[in-house]
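Enquirer: Mind looking at a prediction? Sequence and model below.
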Amino acid sequence: MIGSTRQVAVWAYGAAADLRKGFDGLSALVSQGLGRDPLSGDCYLFVNATRKRAKVLVWDGTGLCIYAKRLERGRFASLWRDAEVRSVRLTMSELQLFLEGSALVGRLALSPAPFVVADPRKNLASRAPR
């Protein structure tokens, strides 16, 4: 498992990728294809056309790392159901499940929406007599 002690975003490239690419080729896909910075510390997931191979590119603070996985049986879940989607954002848990061969069926929000405190000045202005 790709480990990190901090909150990391995972961006899955939204099309089949040529996984013969190395550090420079995958970095170019991140920069040009996703419009993101490969040195941001986020993880970038790439899958080939047959969905039997996957690579993850991540900056660990000292250099780029590539993690690769080849399935001997089965295929990875399809991340590019919609041809116009350039990327899919995943959590680290979803990345782990993906690399273990789980299907991405849907998402269920496990946390409540963030609590937002209203500005009391706005409430007073709306209650003022006219």
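Expert: Cool, the structure landed. Residues are numbered from 1 along each chain as shown.
Enquirer: Any buried residues in stretch 54-73, and which?
Expert: 54-59 (16 or more other CB atoms under 10 Å). (Glycine included, C-beta is placed from N, CA and C.)
Enquirer: Return the closest of those with respect to residue 21.
Expert: If you rank the buried residues of stretch 54-73 by distance to residue 21 using CB to CB, residue 55 comes first, at 8.1 Å.
Enquirer: so how far is residue 42 from the closest one?
Expert: Residue 55 sits 15 Å away from residue 42, going by CB to CB, to the nearest Å.
Enquirer: Likewise for residue 76?
Expert: Counting by CB to CB, the separation of residue 76 from residue 42 is 20 Å.
Enquirer: Now tell me which helix or strand of this protein has the poorest mean pLDDT.
Expert: Within the chain, no helix or strand scores below helix 120-127, which has a mean of 60 by mean pLDDT, DSSP states H and E.
Enquirer: For this structure, just list every one of the strands.
Expert: Using DSSP state E, the strands of the chain run over 10-13, 43-47, 53-59, 64-70, 87-90.
Enquirer: Verify the stated contact: residue 101 with residue 69.
Expert: No - between residue 101 and residue 69 there is no contact under CB atoms under 8 Å: 9.5 Å.
Enquirer: Output the strands of the chain as a markdown table; include the columns distance to residue 117 and mean pLDDT.
Expert: Below are those laid out as a markdown table (distance: least, CB to CB, whole Å; pLDDT from 0 to 100):
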| stretch | distance to residue 117 | mean pLDDT |
| --- | --- | --- |
| strand 10-13 | 30 | 92 |
| strand 43-47 | 33 | 95 |
| strand 53-59 | 35 | 95 |
| strand 64-70 | 40 | 94 |
| strand 87-90 | 27 | 85 |
